[in-house]
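S.K.: All I have is the shape, not the residue letters:
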């Protein structure tokens, strides 16, 4: 089951990366959020984030991090992202991707299936400082 999920995730990442080839990667949005909670479980951990994120407004995200090695140093994640913009409109999307860990630092590579744009984000998460810093690209 995990292998099928990882293969599906890899295929999705490849197809979105292929579509992103024509996208200018100099145009990104920087986002900083606060890590709200970290919960350890048998599969890995669940991390929630929150904060103001520019044009997206108030953002709350959850990443269900699943480890794929015995050292719990890499894996994949699924989750949700919700944002309430300044007009009060609520947007919600699924997010998924890959992660790696070095000590208390995570590197996260993810895609959000937002409407009307798909979003690529590359993030650094400091579990000790409880910070989430990301570069976000709108692909569509």
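M.R.: Cool, the structure landed. The model shown is predicted, which means the values in this text are computed figures rather than measured ones.
S.K.: Residue 46 touches residue 66, doesn't it?
M.R.: No. Here residue 46 lies out of contact with residue 66, judged by Cβ atoms under 8 Å, at a distance of 10.0 Å. Quick note: C-beta positions are derived from backbone N, CA and C, even for glycine.
S.K.: between those two, which one's more packed in?
M.R.: Taking neighbours as other Cβ atoms under 10 Å, residue 46 and residue 66 compare with residue 66 leading, 20 against 17.
S.K.: The more buried one: what secondary structure?
M.R.: strand (DSSP: H, G, I helix; E, B strand; the rest coil).
S.K.: Against residue 86, how distant is the residue nearest the centre of the chain?
M.R.: Closest to where the C-alpha atoms of the chain average out (Cα atoms, centre = their mean) is residue 110, at 4.3 Å. Using Cβ to Cβ, to the nearest Å, one gets 24 Å for the distance from residue 110 to residue 86.
S.K.: per-residue pLDDT, the nearest residue to residue 90 once chain neighbours are set aside?
M.R.: Spatial nearest neighbour of residue 90, chain neighbours left out: residue 84 (5.3 Å); criterion: Cβ to Cβ, 6 or more residues apart in numbering. pLDDT for residue 84: 97.
S.K.: okay, now residue 84: neighbour count?
M.R.: Residue 84 - counted by other Cβ under 10 Å - has 15 other residues nearby.
S.K.: How about residue 57?
M.R.: By other Cβ under 10 Å, neighbour count at residue 57 equals 16.
S.K.: Could you report the distance from the residue nearest to it when sequence neighbours are not counted to residue 128?
M.R.: Among residues not flanking residue 57 along the chain, residue 85 sits closest, at 3.9 Å (Cβ to Cβ, 6+ apart). Remark: distance between residue 85 and residue 128 (Cβ to Cβ) = 31 Å.
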